[in-house]
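A.B. asks: Here's a sequence, model it:
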Amino acid sequence: MRILQILSGGGVNGAILHCLHLTRALVERGYHVTLLGRPGAWIEGELGDSVEFIPSPMHRLPPNELRRVAGIVRERRIDLLHTHQSRAHFFGVLLRRMTGVPCVATAHNRKFQLHWRFNDLVIANSEATRRFHRLFNLVPTRRIETLHYFIDSERFVFDEEQRSAFRSELQLSPEDRVLGIVGDVIPRKGHIHLIRALPAIVAQTPNIRLLIVGSDNHDASYTAKLKSEAEQLGVADRVVWAGFRRDTPAAFAAMDVCVCAALEEAFGLTAAEAHSARRPVVATTAGGLGEIVEDGKTGYLVPPGNPAALADALTRLLSDPQRAEQFGEAGRIVVQQKFARETFLNRLDTIYSRLTERTARRAA
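C.D. replies: You can find the predicted model right below:
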């Protein structure tokens, strides 16, 4: 089967990483995959020789670019379009109309957008995302399914040497208790509420450090606000800014507890990866996080935007290392059961086959 993945993001985030891992997995399964993306996109350099990358600005008007890509779809006899991120989704439904090739859209976010109901199928990355698109974007029940991201657990197996090396690089001592938050430094990730929770945590755990892993280039004013707030609260020396890292498994190894303080999170890839690395997670109840973190079993859930609740949950966990270890072990088991790679790919095989066979029947 010939698949055209369409991705409109130029940088790197959870949605783009999922598209990359999915593309590689499809190639391993014998699919012929081509990826259409923005010129100079980060993912182009990650694909290797097995996937052709076609650059496109994905302009809709004037329709010259749509016509060009539609010609590529016909020439290469593409069987199915699979889109990721907003511009790609809109571009995909227009290509579907022009070529008659079925289109699947993976919903990585929860935004009000009118194009969703024009896909052959929407794949929601969580039940929370599915409910949103049913209610606000009016996607019919028969055309939306929940399929959580898959996690390759073997990527998150590490040893004490890796943990020590990462800590040493960032001048974290073996005695430090490390809280980690992973993701772009942007307002919806809730870093500000974690910074505001730090003084109460420090009062109970003097050797605490906060490790912030993720690009801080997206919103300079927000980064400046975080640093200013940390200075005013007297905890700036507790914060370690690691920036964007490719070695996120090592980052999880270096931390004792992962924190997901998001105000909005369609799925929560960081939480699932942290659990896969046997790390307990304290997360908010935003979006799909409650479908990953099992409160009182693999971590704790708290309301979004509530520093006091974050501080309380983290202090409880830091004061009970045995419970934290139990939560981490239980988290890995949950990920292996709920977000297994082969389970995801088997379901996707069924979805792809169902849509292409239905299109073939219509054509006949």
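A.B. asks: show me where the protein has helices.
C.D. replies: For the chain, the helices defined by DSSP state H occupy 14-28, 64-75, 86-99, 127-135, 160-169, 191-204, 220-233, 248-254, 269-276, 307-318, 321-338, 341-363.
A.B. asks: wait, which of these is closest to residue 260?
C.D. replies: Closest to residue 260 of the helices of the chain, according to CB to CB: helix 269-276, at 4.9 Å. (Each C-beta comes from the backbone N, C-alpha and C, glycine too.)
A.B. asks: Contacts for the closest one, please.
C.D. replies: Applying CB atoms under 8 Å, 6 or more residues apart in numbering, the contact partners of helix 269-276 are 14, 17-18, 148-149, 151, 153, 155-156, 180-183, 248-249, 252, 255, 258, 260, 281, 283, 289, 292-293, 298-299, 328, 331-332, 334-336, 339.
A.B. asks: Repeat that for stretch 105-113.
C.D. replies: With CB under 8 Å, 6+ apart as the test, stretch 105-113 has contacts from 14-15, 18-19, 82-86, 89-90, 92-93, 116, 119, 121-125, 128-130, 132-133, 136-137, 264, 266-267, 287.
A.B. asks: how about a cut-off of 7 Å?
C.D. replies: 15, 83-86, 89, 92, 116, 119, 122-125, 129, 132-133, 136-137, 266, 287 (CB atoms under 7 Å, 6 or more residues apart in numbering).
A.B. asks: How much space separates residue 11 from residue 140?
C.D. replies: Using CB to CB, to the nearest Å, one gets 33 Å for the distance from residue 11 to residue 140.
A.B. asks: coming back round to it: among the contacts of stretch 105-113, name the buried ones.
C.D. replies: Taking 16 or more other CB atoms under 10 Å as the criterion, what is buried in those is 15, 83-85, 89, 92, 116, 119, 122-125, 129, 132-133, 137, 266, 287.
A.B. asks: The helices of the chain into CSV, with extra columns for distance to residue 214?
C.D. replies: Below are the helices of the chain laid out as CSV (distance: least, CB to CB, whole Å):
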stretch, distance to residue 214
helix 14-28, 11
helix 64-75, 32
helix 86-99, 21
helix 127-135, 22
helix 160-169, 15
helix 191-204, 9
helix 220-233, 10
helix 248-254, 10
helix 269-276, 9
helix 307-318, 18
helix 321-338, 21
helix 341-363, 24
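A.B. asks: List just the one of the ones you listed that sits closest to residue 242.
C.D. replies: Using CB to CB, these put helix 248-254 closest to residue 242, at 6.9 Å.
A.B. asks: How far away from the center of its chain is the closest one?
C.D. replies: Here helix 248-254 is found 16 Å from its chain centre; the criterion is CA atoms, centre = their mean, to the nearest Å.
A.B. asks: Number the chain from 35, please
C.D. replies: Sure thing, new numbering starts at 35, so read that last one as helix 282-288.
A.B. asks: separation between the residue lying closest to residue 275 once chain neighbours are set aside and residue 319?
C.D. replies: Excluding its sequence neighbours, the residue lying closest to residue 275 (CB to CB, 6 or more residues apart in numbering) is residue 246, at 5.4 Å. Relative to residue 319, residue 246 is positioned 22 Å away (CB to CB).
A.B. asks: of these two, who's got more company?
C.D. replies: A direct count of neighbours by other CB atoms under 10 Å for residue 246 and residue 319 places residue 246 higher, at 23 against 15.
A.B. asks: quick one: the more buried one and residue 273 touch, right?
C.D. replies: Yes - with contact defined as CB atoms under 7 Å, residue 246 and residue 273 form a contacting pair (6.5 Å).
A.B. asks: looking at the helices of the chain, which is closest to residue 75?
C.D. replies: Counting by CB to CB, residue 75 lies closest to helix 48-62 out of these; the figure is 8.2 Å.
A.B. asks: What residues sit buried inside the closest one?
C.D. replies: 48-61.
A.B. asks: for those, which one is nearest residue 358?
C.D. replies: residue 48 (24.6 Å).
A.B. asks: what's the closest non-adjacent residue to the closest one?
C.D. replies: With sequence-adjacent residues excluded and distances taken as CB to CB, 6+ apart, residue 48 is closest to residue 303, at 4.0 Å.
A.B. asks: Also residue 270?
C.D. replies: That would be residue 264: by CB to CB, 6+ apart, it lies 4.1 Å from residue 270.
A.B. asks: burial count for that neighbour?
C.D. replies: Neighbourhood size, residue 264 [other CB under 10 Å]: 21.
A.B. asks: so it touches residue 273, yeah?
C.D. replies: Yes - the pair residue 264 / residue 273 is scored as a contact, 5.3 Å apart, by CB under 7 Å.
A.B. asks: any idea how far residue 106 lies from residue 41?
C.D. replies: From residue 106 over to residue 41 the distance is 15 Å, taken as CB to CB.
A.B. asks: between these two, who's got more neighbours?
C.D. replies: Neighbour totals were compared for residue 106 and residue 41, and residue 41 leads with 27 against 16 (other CB under 10 Å).
A.B. asks: Was I right to think the more buried one contacts residue 71?
C.D. replies: Yes - judged on CB under 7 Å, residue 41 makes contact with residue 71 at a distance of 4.8 Å.
A.B. asks: anything in contact with each of the two?
C.D. replies: residue 77.
A.B. asks: Run through the bridge partners of residue 291.
C.D. replies: residue 213 (DSSP bridges).
A.B. asks: got the buried residues for stretch 298-313?
C.D. replies: By neighbour count on 16+ other CB under 10 Å, the buried set for stretch 298-313 is 299-313.
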